[in-house]
Every structure is written in structure tokens, then in C-alpha cells.
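*Asks:* Here is the input, now give the coordinates:
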Amino acid sequence: MGGVEERPAAGQLDGLLREVRRQAARGADPDLGRILDWLYRQTGSHVALVADGTGRVEAATEGFPLDTLPALAPLLARLSSGQLAAAATDVGALRMRCEGLGTHEPRPVLVVAGSSEPAPEEAALIAHVGTALTLLRHAEDSERTWRDYQRKAGQLRFAVLQALLAGEPMLARRMTTGVVPPLLDAGRLRIHLLHCPPSERDRISRAQQDPSGYHGPDLMVHCPVFKEHLICLVADDEGEGEGEGEGEGDRSGERGRGQGEFLRRLVRDNPRYALGVSGAHPLNATADAYNQAAHALAAARTAPDRVASYHGRTPLDGVLARRPALDWARSLVRPLDSVPKTSVDVTRLALNMPRSAVAGLLGLSRNTVAAHLRRAGDALGRDLADVRCRATVHLALALTGSGSDGSAEAEGGQPPTALDDLLATERAAVWAGTVLRPLPARHRRTLQAWIDANADAQRAAHALGISRNTVRAHLRAAEAVLGLDLLTVGTGIHDAVHALHISDIHAG
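*Replies:* Numbers count the residues shown, from 1 in each chain. Down below sits the predicted model:
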């Protein structure tokens, strides 16, 4: 036949194997057209791969006579359905050789168009090409199945994280009936928040993934908002005796075996990595664990070994006089009883992370998140876009979330104690001093100006007469000193607002 390359069969097969090996090694979808073009160069016959009995052409050499396919339709249908393995027929002056590939119907059909019946050597080469195409397609199907599995496993892990962040471990269990992650059987967990290049999250997660799509007793989830964060939920039943969130310095992370130790080794060996570790929490307090891990990560970025555990600082709601503080908090959040639960849940999350993060976490648009916040803010009579209002509502929700039943009223029907009076105690002053004491004076001035500017670095820079970059540099330094996340997730802003306000109260 015209165009046949005069090469021995062994050399021809070597060329086919090299092309198959090249395509298999690159990990992308196979380029079947290159295989068909290669076969044309060896035999001089034009070739097409018909995907199924409908006659859809998946790949073909440039000169393949497509107008012959309608006449072949009945034969192609029988080959695709597995009724025939191979067949040959004439269409006009062309000899059409057809072979079904693979074992699963509908099968693709390899169609070779030549001026005559191929020679035995060419027929053998066509058969080898059919085998190579089958293997490449199987590899493609396997790769697609693997990618689909990885995507769905990641979606399931993310759904479990969502339920735990909402404080509903039983919902997480119901969502995973039949394949319940072992983490949900743990009494407590710590969150290890890993900062790493976004491109490396998949590799790290897959390296520890088991056949069920989980990570042994733990769980690794890609943060949907901060692409450089890998959220690692590590079972920690050894922490049963500890107070919630009360860490033990850097030893707290050592309690989480397995993934915890693996993550620490990663950070040790990779200078671009950092790790923040929360205290131990029950599963329904996963959101608190996440906030602590975010604080710890802020400190870890400048730590010598780039690993930091949450310091275990008592939260402000834990140092206020219990009964008066609960009465104040219930009075403030009572209007939320008239707001849909979804809006309240979204508001709780939005008080702990940026709106964009809430939107990504819940799969909502930013406008929808903003609408929920407006609904809650209108009910409370407060502007939740204001950093001080957010800190006040956050404190009230922390108090009511950890308090007893919400039916109690202030004694004697008296109005609740004002917040400033609750913050005027010696215990509150000690708490504020503990938060702020390590902070150098110039960084404290920057922090105060930033809060006064409603967490707007540009406005704070204008007020201080310095650049916006200098403001952010001061805030990054403050994060490292205070162990509070101010700029990434922003969970430390509330503590900063309250600590500065308490200091002002006592200074006056």
C-alpha cells in the first residue's frame, strides 16, 4: 500500500510501544489520534475509532472516508453490542476492516479503510494497535474513576467538617451512614491547621488517605476559602481529662498521634510550612477548636520551628460574673428567637470568620450571607458590619452558648447589668492585661487605630501617618506576640476589641 514505511515488524512494535509508554507516562487523557496516525504511516490505510453504535467518531486520520460510515451503521451496531468480534466488508472500492475493542458494551470499533485486504503483517499490526487503544482507554477510564472517587471523597469529608463546625456530630454521622468516619467515634478532637503551598494539599491528603476515603482515625479537609490551609481533625481521646480548649503549651499537639506527628514532621522538613494546633474539644465544639488553631497558626508563622499550640488563655466569657453576664447576654440575643435558625447559624459563623469564608464553607453566595447578617442585625438593632458590635454579639453568643437554660430572668425583674459594668471588674482587667501585656507600645497604638478604623488598614494608616503596609506589618507582629489571628481568619479581633476596651475602662 502507498506510504508504507519499510521497517521490520519488531521495529514497528517498538515504535508503537514507545508511543503508548509516552502517553501513559504523561497522565493526561490519551491522544488516540496520534496512535491512528502512527498506524497510517505504517500501513498506508486510513483509520477511525468509532465510539459506539451511533457512528460517533472519536478519532480518525485526516483522510479517512467518513462518508462510508452510514453504510457501515448496521455492522457497527452489531460490533459495538458484542454480537460480532470483527468483520470485513466492501464499501464502494474500499475494503473496510472493523474490530470491536474491549469487553464492555457498547464497545468502540476500530475501522480500517484500504484499497485491498491488508497483508498478514499489517493485519497483525492493526490488531496490536487495537490492543494498545483498548489499554489506553482502560487507563483513561481508571484515571477518570479515580479522580471522581477522590472528588466525592473530598466532598464527603467537607460535609462532615461542615456538620461538626455547626456543632452537629449526629448530623455528620447520619450523612455518612454505612461509611461513618472513625473520627466520629472519638470523644474529643484537636484541629491541626496546616499552612502549605496550595498545590501540595492534595499530595499530603492522599498520602495519608485510607481505602474508605478517610485518614484512619482522623480527617483531612481542604479549606474552601484559604487555599493554603489544610484542616486536619485529629482524634484525641487521651485529652478526656482536660478542660475544653485548655492547652498545655507545645505539648498539647503531641496528644494527637498519627496525623499530628506526620504533620509536625512535614513542617520540620519544609520551611514554607507552618502548623497551628488547638486544644482538645468535644466534637460539638469543633468551631472553637478551629478558632484556637487559627490563633495558633498566626503565632506559628514566626515561631522558630513554625509550630505553635494554643496557649490555653481563658476566654473573656469565662472570667465575667456568671449570673449577671448570662442575664446581659440573654437580654441582648433574645430578639434572635424571632429570626430563622439558618440566619442565626450563619451569623454565628460570620462572627468567627470573614463573610467570604462563610460563603465558601456553606456553599452560599456572599449576597446570601449578607442577607442573613442583615436579618440578624435588624433583629438585634445592631450594625454587624461594625467590629465593636460584632465583638459584643460574639461575647453574648459565647455566654449563652455555654450557659444553662435560657429561661432565667434578671433577679427581681431588674434590667440586666450593663456590659461596661461587667467589664469593670478586677478579673476582667487581669484578663485584658494578659492579652495585651506582651505587645510593644507602637504595635498597640497601631492595633488601637486599626480597631478605631473598623479594621480598615488604609484608614488606620491615614490616622497614624504611616503606610498601609506598615500597619499590616505591625498587625502581623502583634499576631505573633499575642497568639491571635487578626488578618487571615480574623478570629482574634474580638479579644483585641474587648481587651482594649477593658483597658480604657480601667484607665479612666
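
*Asks:* got any ranges where the stretch 151-300 of the chain has weak pLDDT?
*Replies:* Residues of the stretch 151-300 of the chain that meet the criterion pLDDT under 70 lie in 238-258.

*Asks:* what are the ranges of the strands in it?
*Replies:* When assigned using DSSP state E, counting those that start in this stretch, the strands of the stretch 151-300 of the chain occupy the ranges 188-195, 219-222, 229-235, 274-277, 281-282.

*Asks:* Which among these is found nearest to Leu13?
*Replies:* Nearest of the strands of the stretch 151-300 of the chain to Leu13, taken as Cβ to Cβ: strand 219-222 at 44.1 Å. Just so you know, the C-beta spots here come from the backbone N, C-alpha and C atoms, and that holds for glycine as well.

*Asks:* List the neighbouring strands of the closest one plus their orientation.
*Replies:* Looking at strand 219-222 with DSSP bridges, its partner strands are strand 229-235 (antiparallel).

*Asks:* I'd like to check the angle between the strand it pairs with and strand 188-195, please.
*Replies:* Between the axes of strand 229-235 and strand 188-195, defined by axes from the mean of the first three to the mean of the last three Cα atoms, to 10 degrees, the angle is 160 degrees.

*Asks:* Can you give the contact residues for strand 229-235?
*Replies:* With Cβ atoms under 8 Å, 6 or more residues apart in numbering as the test, strand 229-235 has contacts from 161, 164, 182-183, 186, 188-196, 201, 204-205, 215, 217-223, 256, 258-260, 263, 286, 290, 293.

*Asks:* Selection in ChimeraX covering whichever of those residues are buried, please.
*Replies:* Buried residues within these, by 16 or more other Cβ atoms under 10 Å, are selected in ChimeraX with:
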select :161,164,183,186,188,189,190,191,192,193,194,195,196,201,204,205,215,217,218,219,220,221,222,223,256,259,260,263,286,290,293
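
*Asks:* follow-up on the earlier one: kindly reformat the strands of the stretch 151-300 of the chain as TSV containing distance to Ser503.
*Replies:* Shown next, in TSV, are the strands of the stretch 151-300 of the chain (distance: least, Cβ to Cβ, whole Å):
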stretch	distance to Ser503
strand 188-195	29
strand 219-222	38
strand 229-235	32
strand 274-277	26
strand 281-282	29
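
*Asks:* Pull the number of nearby residues for Asp337.
*Replies:* Counted with other Cβ atoms under 10 Å, residues neighbouring Asp337 total 9.

*Asks:* hmm, back to that, compare the strands of the stretch 151-300 of the chain and report which one is nearest to Gly92.
*Replies:* strand 219-222 (57.2 Å).

*Asks:* re the thing from before, quick check: which of the strands of the stretch 151-300 of the chain is nearest to Val112?
*Replies:* Of these, nearest to Val112 by Cβ to Cβ is strand 219-222, at 47.0 Å.

*Asks:* quick one, helices of the stretch 51-200 of the chain?
*Replies:* Remark: helices assigned in the stretch 51-200 of the chain by DSSP state H, counting those that start in this stretch are 69-80, 120-165, 169-175.

*Asks:* ditto for the stretch 351-500 of the chain
*Replies:* In the stretch 351-500 of the chain, the helices defined using DSSP H, counting those that start in this stretch lie at 355-362, 366-380, 387-402, 419-422, 426-436, 441-452, 457-464, 468-482, 493-507.

*Asks:* For beta bridges, what are the partners of the residue nearest the centre of the chain?
*Replies:* With distances taken as Cα atoms, centre = their mean, the residue of the chain nearest its centroid is His222 (2.2 Å). Going by DSSP bridges, His222 is paired in beta bridges with Leu230.

*Asks:* Need the phi and psi values for the residue of the chain most remote from its centre.
*Replies:* In the chain, the greatest distance from the average C-alpha position (Cα atoms, centre = their mean) is reached by Ala93, at 59.5 Å. The phi/psi pair for Ala93 (degrees, to the nearest 10) reads phi -90, psi 0.

*Asks:* give the contact list for it.
*Replies:* Ala93 makes contact with Ser115 under the criterion Cβ under 8 Å, 6+ apart.

*Asks:* Okay, and Leu49 sits in which element?
*Replies:* Remark: Leu49 resides in strand 46-50, with elements defined by DSSP states H and E.

*Asks:* Tell me what angle that strand forms with helix 120-165.
*Replies:* Using the same axes, to 10 degrees, the inter-axis angle of strand 46-50 relative to helix 120-165 is 30 degrees.

*Asks:* Tell me the strands beside strand 46-50, with direction?
*Replies:* Checking strand 46-50 against DSSP bridges gives partners strand 57-60 (antiparallel), strand 109-114 (antiparallel).

*Asks:* Would you point to the one among those strands that's packed deepest?
*Replies:* Comparing the strands paired with strand 46-50 by mean neighbour count (mean count of other Cβ atoms under 10 Å), strand 109-114 ranks first with a mean of 24.

*Asks:* Centre of the chain to it, how far?
*Replies:* Distance of strand 109-114 from its chain centroid, counting by Cα atoms, centre = their mean, to the nearest Å, is 47 Å.

*Asks:* Kindly reformat the helices of the stretch 51-200 of the chain as CSV containing distance to Arg375.
*Replies:* Listed next are the helices of the stretch 51-200 of the chain as CSV, based on distance: least, Cβ to Cβ, whole Å:
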stretch, distance to Arg375
helix 69-80, 57
helix 120-165, 21
helix 169-175, 23
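
*Asks:* just the helices in the stretch 201-350 of the chain please.
*Replies:* For the stretch 201-350 of the chain, helices defined by DSSP H, counting those that start in this stretch occupy the ranges 201-208, 259-269, 286-300, 322-333, 341-350.

*Asks:* out of those helices, deepest packed?
*Replies:* By mean count of other Cβ under 10 Å, the helices of the stretch 201-350 of the chain have helix 286-300 as the most buried, with a mean of 27.

*Asks:* Now do that one against helix 120-165, angle only.
*Replies:* Here helix 286-300 runs at an angle of 100 degrees relative to helix 120-165 (the same axes, to 10 degrees).

*Asks:* hang on, Val20 is in a helix, isn't it?
*Replies:* Yes - Val20: assigned to a helix according to DSSP: H, G, I helix; E, B strand; the rest coil.

*Asks:* before we move on, could you check phi and psi at Pro211?
*Replies:* In terms of degrees, to the nearest 10, the main-chain angles of Pro211 are phi -60, psi -20.

*Asks:* Can you tell me, leaving aside adjacent residues, what's nearest to Ser212?
*Replies:* For Ser212, ignoring the flanking residues on the chain, the nearest one in space by Cβ to Cβ, 6 or more residues apart in numbering is Val179 at 5.8 Å.

*Asks:* Ignore what I typed, I meant Cys389.
*Replies:* Per Cβ to Cβ, 6+ apart, closest to Cys389 is Arg382, 4.5 Å.

*Asks:* so what's that neighbour up against?
*Replies:* Counted by Cβ under 8 Å, 6+ apart, Arg382 has contacts 389, 392-393.

*Asks:* what about the stretch 301-450 of the chain, any weak spots by pLDDT?
*Replies:* 402-413.

*Asks:* and with 90 instead?
*Replies:* Scanning the stretch 301-450 of the chain for pLDDT under 90 picks out 301-304, 309-315, 317-318, 345, 348-364, 398, 400-416, 434-435, 437-439.
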